[in-house]
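Enquirer: Mind folding the following:
(one chain, ligands or ions: 2)
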Amino acid sequence: MKRAQKHAIWGRRGTFILAATGSAVGLGNIWKFPYITGENGGGAFVLMYLLCICLIGLPVMVAEVLLGRRGRASPITAMQAVTRESGSSPGWNVIGLFGVLAGFLILSYYSVIAGWTLEYVTTAARGGFVGLDGESAKQAFDALLANKSALVQWQTAFLCMTVLVIVFGVTRGLETAVRVLMPLLFVLLLVLLGYAAYVGDFAAGASFLFSFKFADLSLEGLSLALGHAFFTLSLGMGAIMAYGSYMPHKSSIVKTVMMVGVLDTLVALIAGLAIFPIVFATNGVEPGDGSGLMFISLPIVFGSMPFGTIFGTLFFLLVTLAAWSSTISLLEPAVAYLTERFRFHRVSANLLIASLAWLLGLGTVMSFNDWSDSTYFLGMNLFNFIDFITASVLLPLGGALMAVYVGWFMKRRPLRRELKLESRETFSRWFTIVRYVSPVLVLVVFIMGLYGKFA
Ligand code: PFF
Ligand code: NA
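Expert: Ligands and ions are numbered 1, 2, ... in the order given. The predicted structure follows:
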């Protein structure tokens, strides 16, 4: 109880759901999910992704939230508190350090992509989408990628916007933003879905996403699906742990986690269902077109839709804001680390991390033009390498360590106490999964994935 008094706890039950949803729903759902699904053959990938969410993502998320709430502190300190309570080795604190590193690395490229969405806000507002077809939409996107100074400007603008908002007080704004803007984004995605179904090839899009052949299942796809399950739920790096530390004891962790998981998955699937019907109905645009998929297909829709200029502007603005609420949680573990460990002021910690992320982000900018064919990093360019190291290595390993810790090393009493609102069956089913199923699956998929990628 003593620790709980020192650390603020969110009064309202819904606040954790809002903050966690704000973190989870972002570019991962609207930009990344559709394009990696397109690159990996559709339905088989979606199936593996959904299985990873259910068997690994959600159970590990319960473990991560639980660790945060038990430790009632930022990730590194929370892990210290929990390991002390359970008498386990301080070596487990690497979980916190992994998180700091992963958050920073993701931030470095996330802000570049969020810069693209900012640029598309202005293009949409100028009426730049009107009359676009497959060819011209592709040309516009390629022109943006070739324009290094524009990319850097938008990346800088996004990071400045993020840091400014943090400096002028976060939580209130974050909560309101998520409470109002997320539902708006959701509605807009549904409108888009409806319109795409009407003008696009909905049957082809839906069958691409939901029907699969066994032959399409692949090791590399499986490891990408696993990595994306962690990425999309903001899992395995302490972001969700940090938010869990503010969660009141009267909330059920399992119920809350299910809510966040369902919302995040719905947003991704709806984004896919809005994008692929257009992809299949447009000459010259293919599912495997890569990281530009959403930036090529959606402007075509807005360009032909009634009130498309308004809808398009609003849509890219909302996506930027969704990216922003995710960015806040990407910064959190590193900022907390600097303030607690090195007594940084929160503002200077944010500035320092954001500046370093900006610098590294220049490498991502270059990965979309001059360095795009570089194979310098284990055969990948810098952006692909950072994406690989975070989503396919750091997050799954961080998550697996959390599952192993909670399943095997944490004392049963604090564990039960955090989950006292769950029924016996729920608890024991979750415990079995987190103890045996999730860690083993992560390890197997991880090793097979590396084998599939490099052997
Ligand atoms: N979950 C976010 C998305 O899907 O866009 C990305 C992310 C945010 C990953 C925060 C990790 C994190 F800590
Ligand atoms: Na997500």
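Enquirer: use CA for all of it now, contacts and neighbours both
Expert: Will do.
Enquirer: Which residues are in contact with residue 249?
Expert: Residue 249 makes contact with residue 418 under the criterion Cα atoms under 8 Å, 6 or more residues apart in numbering.
Enquirer: same question, residue 189
Expert: By Cα under 8 Å, 6+ apart, the contact list for residue 189 reads 267, 270, 271, 274.
Enquirer: so which of those is the most crowded?
Expert: residue 274 (30 neighbours; other Cα atoms under 10 Å).
Enquirer: before we move on, which element is that one in?
Expert: helix 253-281 (DSSP states H and E).
Enquirer: Going by distance to ligand 1, which of the contacts of residue 189 wins?
Expert: Closest approach between the contacts of residue 189 and ligand 1, by Cα to the nearest ligand atom: residue 267, at 9.9 Å.
Enquirer: Quick check: that closest one touching residue 187?
Expert: No - applying Cα atoms under 8 Å, one finds residue 267 not in contact with residue 187, separated by 10.2 Å.
Enquirer: What's the nearest residue in the stretch 251-400 of the chain when you look at ligand 2?
Expert: Distances between the stretch 251-400 of the chain and ligand 2 by Cα to the ion are smallest at residue 264, namely 5.5 Å.
Enquirer: so for the host helix or strand of residue 450, what's the average pLDDT?
Expert: Following DSSP H and E, one finds residue 450 within helix 438-454. Mean per-residue pLDDT for helix 438-454: 90.
Enquirer: Equivalent analysis for stretch 408-424, please.
Expert: 94.
Enquirer: Pull out the buried positions in the helix holding residue 450.
Expert: Within helix 438-454, the residues that count as buried by 16 or more other Cα atoms under 10 Å are 438, 439, 440, 441, 442, 445, 446, 448, 449, 452.
Enquirer: Spell out whether the longest helix along the chain and ligand 2 are in contact.
Expert: Ranked by residue count under DSSP state H, the longest helix found in the chain is helix 308-342. No - taking Cα under 5 Å from the ion as the criterion, helix 308-342 and ligand 2 are apart, separated by no less than 8.5 Å.
Enquirer: Okay, buried residues for that helix please.
Expert: Within helix 308-342, the residues scored as buried using 16+ other Cα under 10 Å are 308-309, 311-339.
Enquirer: The residue of the stretch 251-400 of the chain closest to ligand 2: neighbouring residues, count only.
Expert: Residue 264 has 22 neighbouring residues, counting by other Cα under 10 Å.
Enquirer: ok, the spatially closest residue to it that is not a sequence neighbour - contacts?
Expert: Excluding the flanking residues, the one nearest residue 264 by Cα to Cα, 6 or more residues apart in numbering is residue 25, at 5.6 Å. Residues counted as contacts of residue 25 (Cα under 8 Å, 6+ apart) are 232, 233, 264, 267, 322, 323, 326.
Enquirer: what about the second one, neighbour count?
Expert: Yep, that's residue 233 we're talking about. Residue 233: 27 surrounding residues under other Cα under 10 Å.
Enquirer: Just read off the phi/psi values of it.
Expert: Residue 233 adopts backbone torsions of phi -90, psi 10, taken as degrees, to the nearest 10.
Enquirer: residue boundaries of the helices in the stretch 1-150 of the chain?
Expert: Secondary structure of the stretch 1-150 of the chain, counting by DSSP state H, counting those that start in this stretch: helices at 2-6, 14-24, 27, 33-39, 43-52, 58-71, 75-86, 94-125, 134-146, 148-167.
Enquirer: For those, give me a markdown table that also has distance to ligand 2 and mean neighbour count.
Expert: As requested, those are arranged in a markdown table below (distance: least, Cα to the ion, whole Å; neighbours: other Cα atoms under 10 Å):
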| stretch | distance to ligand 2 | mean neighbour count |
| --- | --- | --- |
| helix 2-6 | 29 | 11 |
| helix 14-24 | 4 | 24 |
| helix 27 | 7 | 22 |
| helix 33-39 | 9 | 24 |
| helix 43-52 | 12 | 22 |
| helix 58-71 | 13 | 27 |
| helix 75-86 | 20 | 22 |
| helix 94-125 | 12 | 23 |
| helix 134-146 | 23 | 17 |
| helix 148-167 | 18 | 19 |
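Enquirer: Just give me the residue right at the centre of this structure.
Expert: Per Cα atoms, centre = their mean, the C-alpha nearest to the average position across the chain is that of residue 232, at 3.5 Å.
Enquirer: Name the nearest residue to that residue, ignoring sequence neighbours.
Expert: Excluding the flanking residues, the one nearest residue 232 by Cα to Cα, 6+ apart is residue 28, at 5.3 Å.
Enquirer: Pull the contacting residues for the one you found.
Expert: 228, 231, 232, 268.
Enquirer: Of all pairs in those residues, which one is the farthest apart?
Expert: Across the contacts of residue 28, no pair lies farther apart than 231 and 268, at 12.3 Å, counting by Cα to Cα.
Enquirer: Stretch 224-242 near ligand 1 anywhere?
Expert: Yes - Stretch 224-242 reaches ligand 1 (Cα under 6 Å from any ligand atom) through 231, 232, 233, 234, 237, 239.
Enquirer: any idea which element residue 374 lies in?
Expert: Per DSSP H and E, residue 374 falls between elements, in no helix or strand.
Enquirer: Can you report how many residues neighbour the residue lying closest to it once chain neighbours are set aside?
Expert: Of all residues not flanking residue 374 in the chain, residue 381 sits nearest, at 4.9 Å (Cα to Cα, 6+ apart). As a burial measure, residue 381 scores 20 neighbours (other Cα under 10 Å).
Enquirer: and the gap between residue 157 and residue 320?
Expert: Noted for residue 157: a distance of 11 Å to residue 320, by Cα to Cα, to the nearest Å.
Enquirer: cool, residue 257 as well?
Expert: Distance of residue 257 to residue 320, computed by Cα to Cα: 24 Å.
Enquirer: Could you do residue 83 as well?
Expert: Note on residue 83: its distance to residue 320, by Cα to Cα, is 38 Å.
Enquirer: Check residue 374 too.
Expert: Per Cα to Cα, residue 374 is found 29 Å from residue 320.
Enquirer: so residue 403 touches residue 435, yeah?
Expert: Yes - using Cα under 8 Å, residue 403 is in contact with residue 435, at 6.6 Å.
Enquirer: Settle it for me: which of these two has more neighbours?
Expert: Neighbour totals were compared for residue 403 and residue 435, and residue 403 leads with 28 against 18 (other Cα under 10 Å).
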